[in-house]
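>>> sequence and predicted structure, then a few things I'm wondering about:
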Amino acid sequence: MNDNKSLLRNGLAMALRNKRYIVWFYLLNLLLALFGTVAFVNQAGTVLDHSLHADRLLHGFDISVLAEMLMRPEFGPTIASRLPAILFALLFLFSTALFLPGVLQGYASTYRLQREDFFRACGRNLWRFIRLLLVAGIVMIPLTVALFSLHGWLEKLAAESTNELLLPEVRLAGLVVIFLVMAAVRIWFDLAQVDVVLSDQRAVRRSIAAGFRHTWRNLGRLLGSYVVTTIVAAIVLVAGVWAWVRFVPPASVVGAFFLSQLTLLVLLIPRFWQRGIVVTYYLQNMVEPIAVQPFAPVAVVAPAGNEPVLAAVIPVTPPEATGS
């Protein structure tokens, strides 16, 4: 339990000490999201600018009006607005792979990382992170499909049972198990990313193996820390939605924008907190100790007079190192 507190406390300290990274990623996300929604705004404007139904979306949210707008011929094909959103989402994923190495390097530094060092770490590890993302996708996508397929099969069996409480219990337990398994896989690749950057590991497979080994060896400690940060994120999300419903009038576009963006900004903290957790774990458990050769003092006979004498030490190899 003390180890978990240490990971959580030190990881949060890293994230708060480097708040600028959170702000930068938030601004990058906001900018790309704005570009990704321009096509939808233009398409919606061709309909809503000339319709009285726009008032039902401005002063509230009417799903029937939205569905009618999407089906009208003048709105155009929905793929025209979905495609830019998908492309900019992929661009954000690439930007994460580009800038995250610099963030990890900054977390592990005992000083404020200079701009040149930040971008040097980003460029040196870009191709390594792309390979890591590809391997992570190869592992996570089939695993997710298999877990949800198994979950659906168990739900079907539970629905056929005479026990009315069995279905919701199976559904809840299955979702919890899926979350824990996928969180463990995420920890695995988070540790691999840290090892690639901080050990300057060119062979990505070695970092993946090291991440898997340490994840399995300390699964309870790492998974417990990730669960705590996820609970914090859930509390932030619920609080943001509650404040939106409670304090923001339906017609207040500005209020809704600022509250939603504040919620999204705060939601980034738990994720960067998790990055701080894995960096803390790496520094505590995955850094190989440096072997220091012992030194033995040598007696020096001082000459007569008052001349200064320089003390010297000569390295002495221990007997076991020479096979004696």
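Perfect, thanks for sending it.

>>> then stretch 155-164 to PDB, C-alphas only?
Provided in PDB are the C-alpha atoms of stretch 155-164 (Å, rounded to 0.1, in the frame of the first residue of the first chain):
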ATOM      1  CA  GLU A 155     -24.600 -12.500 -21.500                       C
ATOM      2  CA  LYS A 156     -26.500 -14.700 -23.800                       C
ATOM      3  CA  LEU A 157     -26.200 -17.700 -21.500                       C
ATOM      4  CA  ALA A 158     -27.100 -15.600 -18.500                       C
ATOM      5  CA  ALA A 159     -30.200 -14.300 -20.300                       C
ATOM      6  CA  GLU A 160     -31.400 -17.900 -20.800                       C
ATOM      7  CA  SER A 161     -31.100 -18.600 -17.100                       C
ATOM      8  CA  THR A 162     -34.100 -18.500 -14.700                       C
ATOM      9  CA  ASN A 163     -32.200 -16.300 -12.300                       C
ATOM     10  CA  GLU A 164     -33.200 -12.700 -13.100                       C
END
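
>>> tell me the buried residues in it?
Neighbour-count burial for stretch 155-164, counted by 16 or more other C-beta atoms under 10 Å, picks out Glu155, Ala158. Every C-beta, even on glycine, is put in place using the N, C-alpha and C of the backbone.

>>> what do you get for stretch 212-226?
Buried residues in stretch 212-226, counted by 16+ other C-beta under 10 Å: Phe212, His214, Thr215, Asn218, Arg221, Leu222, Leu223, Ser225, Tyr226.

>>> any idea how far the closest residue to the third one other than its chain neighbours is from Met14?
Spatial nearest neighbour of Thr215, excluding adjacent residues (C-beta to C-beta, 6 or more residues apart in numbering): Trp188 at 4.5 Å. Note on Trp188: its distance to Met14, by C-beta to C-beta, to the nearest Å, is 20 Å.

>>> run through the residues that contact the residue nearest to Thr215.
By C-beta atoms under 8 Å, 6 or more residues apart in numbering, the residues touching Trp188 are Ile208, Gly211, Phe212, Thr215.

>>> could you dump those residues to a markdown table with distance to Leu283?
Formatted as a markdown table, the contacts of Trp188 follow (distance: C-beta to C-beta, whole Å):
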| residue | distance to Leu283 |
| --- | --- |
| Ile208 | 19 |
| Gly211 | 15 |
| Phe212 | 19 |
| Thr215 | 16 |
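
>>> can I get those residues in JSON lines including pLDDT, distance to Val287 and secondary structure?
Listed next are those as JSON lines, based on pLDDT from 0 to 100; distance: C-beta to C-beta, whole Å; DSSP: H, G, I helix; E, B strand; the rest coil:
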{"residue": "Ile208", "pLDDT": "95", "distance to Val287": "18", "secondary structure": "helix"}
{"residue": "Gly211", "pLDDT": "94", "distance to Val287": "14", "secondary structure": "helix"}
{"residue": "Phe212", "pLDDT": "95", "distance to Val287": "18", "secondary structure": "helix"}
{"residue": "Thr215", "pLDDT": "94", "distance to Val287": "17", "secondary structure": "helix"}
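
>>> where's the residue nearest to Thr215, which helix or strand?
helix 166-198 (DSSP states H and E).

>>> what helix or strand is the closest residue to Pro249 other than its chain neighbours on?
Residue nearest to Pro249 in three dimensions, not counting chain neighbours: Gly255, with 7.0 Å by C-beta to C-beta, 6+ apart. Taking DSSP H and E as the criterion, Gly255 maps to helix 253-281.

>>> convert the C-alpha atoms of stretch 108-117 to CSV, please.
Listed next in CSV are the C-alpha coordinates belonging to stretch 108-117 (Å, rounded to 0.1, in the frame of the first residue of the first chain):
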residue,chain,number,x,y,z
ALA,A,108,12.6,12.0,-15.8
SER,A,109,14.8,15.1,-15.8
THR,A,110,15.7,16.7,-12.6
TYR,A,111,15.8,20.1,-14.3
ARG,A,112,13.5,22.0,-16.6
LEU,A,113,14.1,20.4,-20.0
GLN,A,114,15.3,22.8,-22.6
ARG,A,115,13.4,23.2,-25.9
GLU,A,116,16.2,21.7,-28.0
ASP,A,117,16.4,18.6,-25.7
